[in-house]
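Q: I'd like to go over a predicted model; first the sequence, then the structure.
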Amino acid sequence: MKILVINTGSSSLKYQLFFMDTSEVLAAGLIEKIGESSSVITHRKHPYRTDGSKVSKEQAITGHKAAISIMIDLLTDKNTGVIETKKDITAIGHRVVHGGEAFHEPVVIDQDVIRAIQEHAPLAPLHNPANLIGIEACQESFPGIPQVAVFDTAFHQTIPPRAFHYAIEHELYEKYKVRRYGFHGTSHKYVAFQTAKFLNTTLDTLNLITIHLGNGSSMAAIQNGKCIDTSMGMTPLEGIVMGTRSGDIDPGILFFLANELKMNIAELDTLLNKKSGLKGLCGTNDMRDVLEKRKAKDPKASLAFDLYAYRIKKYIGAYFAALGKLDAIVFTGGIGENSSDIRKGACENLEALGISISDGLNQINNGQSRSIHSDDGKVKILVIPTNEELQIAKGTMEVIG
Ligand code: ADP
C-alpha cells in the first residue's frame, strides 16, 4: 500500500510518498513560492537510501493544481519517479490544522468534511483555507483515490472541560467556541505510541509528558494514553516560549501596549506571533544561533535560553501535578531531539520529583529513540524522534481500512 501525505501552505506544498509495509519514504518533495515568478521545487527519490537522488529546479508555478501536476510528473518520471502511474497511490492523507470540536480522529474527506474545515477557518485563518486548496486540487487531480483529513487538533479532543475552558464568560464558548484546542497533536500522538513501543508496553498503561520543541513548541500531559492537557490554546500562541511566538503572557500587557503605545490589533498580532519568543529576546529564532551566542557569553542569548528552559520546567511541574503519576518525559522536535543543553536545563533540579537526567546519556545524539535518565531517576526521560508525516500516513491507512 502506498500512501501520499500532503501538507499544503498558502504558497507551498510538501509531500511524502510512503510504502506502508515498511514505512519507507519512497519520495519526498517541497514546492515553495507557488504563485510567484520563480517557484522552487526540491524532489528526493529514496531520501533515506544511500542510492537516493535529488533534483532541484526553479520555474514559475501558477497555483496549487499546477504544483500537484509537477509533483505527479516527478513521482512517475522514469528518472525521478518511484511509481508508474498516479493510480499506484492507494490514498492521500492531508494535514489539516484545525478540526475544532468536530473531529477526534482522521476522516475520509467528503462534502461535509470540506464544509466543516471551511467553518473552522476563523480559528485557523492562515492554515485551514490553505489546507483546503490542497485537498480540492488533489480531488481534481486524483479522481477516485480516497482522501483523508488528519487534524492537528484531534489528539487533544480528550482534554476535560476543566482544562479546555478559559475562565471567561461562558457564552463566549457557547456561541463562538472560544476554548483550548491545542496543536501538534499528530506529533504528540506519534511520540506517545513510539514511547510505548520503546518501553515494550501499551500506551494505555502510560502517563507521559510529551515535549515537542521545534519552531513552534508545545507540551502535552497524557494519562493512560489519552491527552488530558496541552500548552497551546485556542491558537498556537499560548504556552511555552517558541521561535517567534511569546507563549504565555499576561493579557493585561496587550491593554498596556494598546493604551500607552497605541498599538493596533494587527501590530499586536505581529508582535506576539512573529517578533517575540527567542527572536524577541535575543534577535534570532534559531536555537542553534541562540546556543552559539550563549556560548560566546551574550547576555540576551543567555536570558533567552534560561527563560526557554525555565518555562518548560514549570509546565513539567504543572503536568506532573495534573497527572499524579508520571512514567516518562519525552523530548521531540528539532530542539528536543538535538539540544542536550535545553533538555538538561528543563530537567535540572527536579530530583525531588524523581526526575534525574544522566549527563553522559544526554550527550549522545544518534538520531534514534533513546533513554537519557540516570539510574536513580524514577521517571524515565526519553528522546523520541517525531515523524508527523508517517503518523498522517498511518492515520490515513487506518481510516481507509
Ligand atoms: P519545525 O517546527 O519547523 O518542524 P523543527 O522541528 O525542525 O522545526 O525545529 C527547528 C528548531 O530546531 C530550530 O530552532 C533549530 O535551531 C533547532 N535545531 C535543529 N538542530 C539543532 C541542533 N543540533 N541543536 C539545537 N537546536 C537545533
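A: Yep, it's here. Residues are numbered from 1 along each chain as shown.
Q: how near is Gln118 to Ile135?
A: Separation of Gln118 from Ile135 (C-beta to C-beta, to the nearest Å) stands at 11 Å. (C-beta placed from N, C-alpha, C; glycine too.)
Q: those two: which is more packed in?
A: Ile135 (21 against 12; other C-beta atoms under 10 Å).
Q: what does the helix or strand harbouring the more buried one contact?
A: Element membership of Ile135 [criterion: DSSP states H and E] is helix 128-141. Applying C-beta atoms under 8 Å, 6 or more residues apart in numbering, the contact partners of helix 128-141 are 6-10, 13, 63-65, 67-69, 72, 86, 92, 94-98, 109, 114, 117-118, 120-121, 147, 149.
Q: which bits of this structure sit near the ligand?
A: For the chain, the contact set with the ligand under C-beta under 6 Å from any ligand atom comprises 214-216, 243, 286-288, 291, 333-335, 338-339.
Q: can you give me the distance of the residue nearest to Ser246 when sequence neighbours are not counted to Cys282?
A: Nearest non-adjacent residue to Ser246, counting by C-beta to C-beta, 6 or more residues apart in numbering: Ser276, 3.7 Å away. Per C-beta to C-beta, Ser276 is found 11 Å from Cys282.
Q: Asp77 now?
A: Taking C-beta to C-beta, one finds Asp77 at 45 Å from Cys282.
Q: those two: who's more crowded?
A: Cys282 (21 against 13).
Q: the more buried one contacts Leu291, doesn't it?
A: No - using C-beta atoms under 8 Å, Cys282 is not in contact with Leu291; the gap is 10.9 Å.
Q: looking at the lengthiest helix in the chain now, give me its mean pLDDT.
A: Counting residues, the longest helix in the chain under DSSP state H turns out to be helix 299-323. Computed over helix 299-323, the mean pLDDT rounds to 98.
Q: direction included, what does the next helix or strand along the chain from that helix pair against?
A: Going down the chain from helix 299-323, the next helix or strand is strand 328-332, by DSSP H and E. Strand 328-332 has its sheet partners listed here by DSSP bridges as strand 208-213 (parallel), strand 380-383 (parallel).
Q: would a markdown table of those strands with mean neighbour count and mean pLDDT be doable?
A: Below are the strands paired with strand 328-332 laid out as a markdown table (neighbours: other C-beta atoms under 10 Å; pLDDT from 0 to 100):
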| stretch | mean neighbour count | mean pLDDT |
| --- | --- | --- |
| strand 208-213 | 29 | 98 |
| strand 380-383 | 23 | 98 |
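Q: now Gln194: how far from Gln391?
A: Distance from Gln194 to Gln391, by C-beta to C-beta: 9 Å.
Q: ok so, going back, for Pro160, which of the strands paired with strand 328-332 is the nearest?
A: strand 208-213 (16.9 Å; C-beta to C-beta).
Q: which residues touch that closest one?
A: 184, 187-188, 191-192, 195, 217-222, 240, 287, 312, 315-316, 319-320, 323, 326-336, 339, 342, 346, 386.
Q: who's in contact with the next helix or strand after it?
A: Moving toward the C-terminus from strand 208-213, the next helix or strand (DSSP H and E) is strand 217-223. Contacts with strand 217-223, where a contact means C-beta under 8 Å, 6+ apart, come from 155-156, 182-184, 188, 192, 206-212, 227-232, 236, 239-243, 247, 312, 315-316, 319, 322-323, 333, 335.
Q: mind redoing it with 7 Å?
A: For strand 217-223, the external contacting residues (C-beta atoms under 7 Å, 6 or more residues apart in numbering) are 182-184, 188, 192, 207-212, 227-232, 239-240, 242, 315, 319, 322-323, 333.
Q: sheet partners, orientation included, of it?
A: Under the rule (DSSP bridges), strand 217-223 has strand 208-213 (antiparallel), strand 226-230 (antiparallel) as partners.
Q: that one to helix 299-323, inter-axis angle?
A: Interaxial angle, strand 217-223 versus helix 299-323 (axes from the mean of the first three to the mean of the last three C-alpha atoms, to 10 degrees): 20 degrees.
Q: let me know the average pLDDT across strand 217-223.
A: Here the average pLDDT along strand 217-223 is 98.
Q: all numbers from here: first residue = 8
A: Got it, first residue is 8 now, which makes that one strand 224-230.
Q: so for it, what gets flagged as buried?
A: By 16 or more other C-beta atoms under 10 Å, the buried positions in strand 224-230 come out as Ser224, Ser225, Met226, Ala227, Ala228, Ile229, Gln230.
Q: ok, so of those, who is nearest Pro167?
A: Using C-beta to C-beta, the buried residues of strand 224-230 come closest to Pro167 at Gln230, 10.0 Å.
Q: the chain - how does it break down into domains?
A: Using automatic domain parsing, the domain ranges for the chain come out as 9-158, 207-395.
Q: would you map the helices across the stretch 258-407 of the chain?
A: Listed in chain order, the helices of the stretch 258-407 of the chain (DSSP state H, counting those that start in this stretch) span residues 259-267, 272-281, 284-289, 294-302, 306-330, 340-345, 347-354, 366-370, 395-407.
Q: elements contacting the fifth one?
A: Same thing as helix 306-330. With contacts defined as 3 or more C-beta pairs under 7 Å, 6 or more residues apart in numbering; DSSP states H and E, the packing partners of helix 306-330 are strand 215-220, strand 224-230, strand 233-237, helix 284-289, helix 294-302, helix 347-354.
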